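1. structural data only, the sequence is not supplied:
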């Protein structure tokens, strides 16, 4: 059994194939050993495989003598909030924006924060030890020392109250809002909390059946919500993903307002109100060059970090800052959350629109001018190997020379899927598109050649030791 590895957002794989109940059980034991605590807060999203993996993971924790507080179906940021409030570690059974057949396990440290790379490495080592010798020391607890699994009926209400507090006594009356819950973890709590805030609310994708999570809905497929916004004359639309830790917005014209535009809008508003600590925002290397230019014009400093909201959070805490996020829609308001929170971001965005008296389209246009950016996902067998291939590195440098400083190229292995992500920015969209296509085609060719070479080796392994 091959142990899973942590990516940028936990362990992920095809449920019951790469991420099995046996692995979840062993991972639960490993996590309990590396993060000793009396109890863990554990929840999940709406995938068919969620109850199976939750049961196995929770059993692993109980096997090591710790208790599990089952908070049921809740967004990742809700579980992070509950863990922070109770001073406990936690975990979420979710594969976020991935298709329903995938699942994952996100582990949160005490206080609800993402784990460091070093702690993840400790858990991986402990997992290998459990898989290799499941009955080795330490001795399993027995009797009253075995952990228990209990449910917590107050969790949803606690999280809803936490979200409502973000408005500081204000409400969202006068706004007409469309909310897409991706048939995921926010399908119940999302409509419930927005309904208490006074806005006129329309919802979609709030009927999960175990297999429709992220299926042509949510933050990775905002088209249907855009149609709803236009058809119903909404002021704005809010698109969540499967575990509701990210948000993509739709303006009243039906146009997507991505994470960079939302961040730029918030950064300027926070600065104007004296709430942008250090006059600095933290973003990842995926953020558009137009965002950087807009922040420079607004005299706001920017810190770049590697992809992953964990890296954003680490920089915020290291520098004592209050706001940052990712182009994908993970935004962290550090004084209110320890991770990206799509519902919190959506509530605060509605509040910003209401306070400003402007529509979202006008706010986003004023916040930044987005440079043409093309992002292509190339499915390959070995992403980490191919991104370091000499031919790929040489091609990247050649294209950068052609751009002559007027754009950017970023080619990286996905931390959550078997993909290489090719991102190209340029002042001309056609140039960005052509460059991205050429790099993607090179990667596909190299991947195919590698697959053919491996197939040839299997057909003709060469002389055996007996043949000389």
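-> That came through fine. Being a predicted model, the structure only gives us computed values, none of them experimental.
2. and residue 349, what element?
-> helix 342-356 (DSSP states H and E).
3. and that helix, which residues are buried?
-> Applying a neighbour-count criterion of 16 or more other CB atoms under 10 Å, one finds 342-354 buried in helix 342-356. For glycine as for every other residue, the C-beta is placed from the backbone atoms N, C-alpha and C.
4. I'd assumed residue 259 was in contact with residue 327.
-> Yes. Assessed by CB atoms under 8 Å, residue 327 is found in contact with residue 259 at 4.4 Å.
5. which of those two has more neighbours?
-> Neighbour comparison, residue 327 and residue 259: the larger count goes to residue 259, with 27 against 23 (by other CB atoms under 10 Å).
6. which residues touch that one?
-> For residue 259, the set of contacting residues under the criterion of CB atoms under 8 Å, 6 or more residues apart in numbering consists of 246, 247, 248, 325, 326, 327, 328, 329, 330, 331.
7. residue 123: which of those residues is nearest?
-> Taking CB to CB as the measure, residue 123 lies nearest residue 330 of the contacts of residue 259, at 22.3 Å.
8. residue 340 is in contact with the closest one, correct?
-> Yes. With contacts defined as CB under 8 Å, residue 330 counts as touching residue 340 at a distance of 3.1 Å.
9. spit out the residues that contact those two alike.
-> Shared between the contact lists of residue 330 and residue 340 (criterion: CB under 8 Å, 6+ apart) are residues 245, 246, 309.
10. burial of the last one, as a residue count?
-> What it means is residue 309. Counted with other CB under 10 Å, residues neighbouring residue 309 total 28.
11. also the second one?
-> Burial measure for residue 246: 28 neighbouring residues, criterion other CB under 10 Å.
12. roughly how far does the residue nearest to it when sequence neighbours are not counted sit from residue 272?
-> Nearest residue to residue 246, sequence neighbours excluded (CB to CB, 6 or more residues apart in numbering): residue 329, at 3.6 Å. Computed as CB to CB, to the nearest Å, the residue 329 to residue 272 distance reads 23 Å.
13. now do residue 28
-> In this structure, residue 28 and residue 272 are 47 Å apart, going by CB to CB.
14. more crowded one of the two?
-> The residue with the greater number of neighbours, taking residue 28 and residue 272 and applying other CB under 10 Å, is residue 28; the counts read 32 against 10.
15. now do the contacts for that one.
-> By CB under 8 Å, 6+ apart, the neighbours of residue 28 are 56, 57, 58, 59, 60, 61, 62, 63, 64.
16. three-state assignment of the first one?
-> Following DSSP: H, G, I helix; E, B strand; the rest coil, the label given to residue 56 is helix.
17. next, count neighbours for it.
-> When neighbours are counted by other CB under 10 Å, residue 56 registers 21.
18. before we move on, the earlier item: from the contact counts, what lies against the helix holding residue 349?
-> For helix 342-356, the elements it packs on are helix 76-86, helix 155-165, helix 189-195, strand 236-240, strand 247-250, helix 259-272, strand 331-333, helix 360-367, judged by 3 or more CB pairs under 8 Å, 6 or more residues apart in numbering; DSSP states H and E.
19. nearest to residue 367 among the shared contacts of residue 330 and residue 340?
-> Distance to residue 367, by CB to CB, is smallest for residue 246 among the shared contacts of residue 330 and residue 340, at 18.6 Å.
20. and the closest one, what does it touch?
-> 96, 97, 219, 240, 259, 326, 328, 329, 330, 331, 340, 342.
21. my read: the first one touches residue 7, true?
-> No. In this structure residue 96 lies outside contact range of residue 7 using CB under 8 Å: 10.6 Å.
22. so between those two, which is more surrounded?
-> Using other CB under 10 Å as the criterion, residue 96 and residue 7 rank with residue 96 on top: 31 against 17.
23. surely that one is in a strand?
-> No. Per three-state DSSP, residue 96 lies outside any strand segment and is coil.
24. tell me, what's the model's pLDDT at the nearest residue to it once chain neighbours are set aside?
-> Using CB to CB, 6+ apart and skipping the chain neighbours, the partner closest in space to residue 96 is residue 243 (5.0 Å). For residue 243, the pLDDT comes out at 97.
25. which SS state does residue 243 fall under?
-> Remark: residue 243 carries the secondary structure label coil [criterion: three-state DSSP].
26. and it, how far is that from residue 185?
-> Here residue 243 is placed at a distance of 5 Å from residue 185 (CB to CB).
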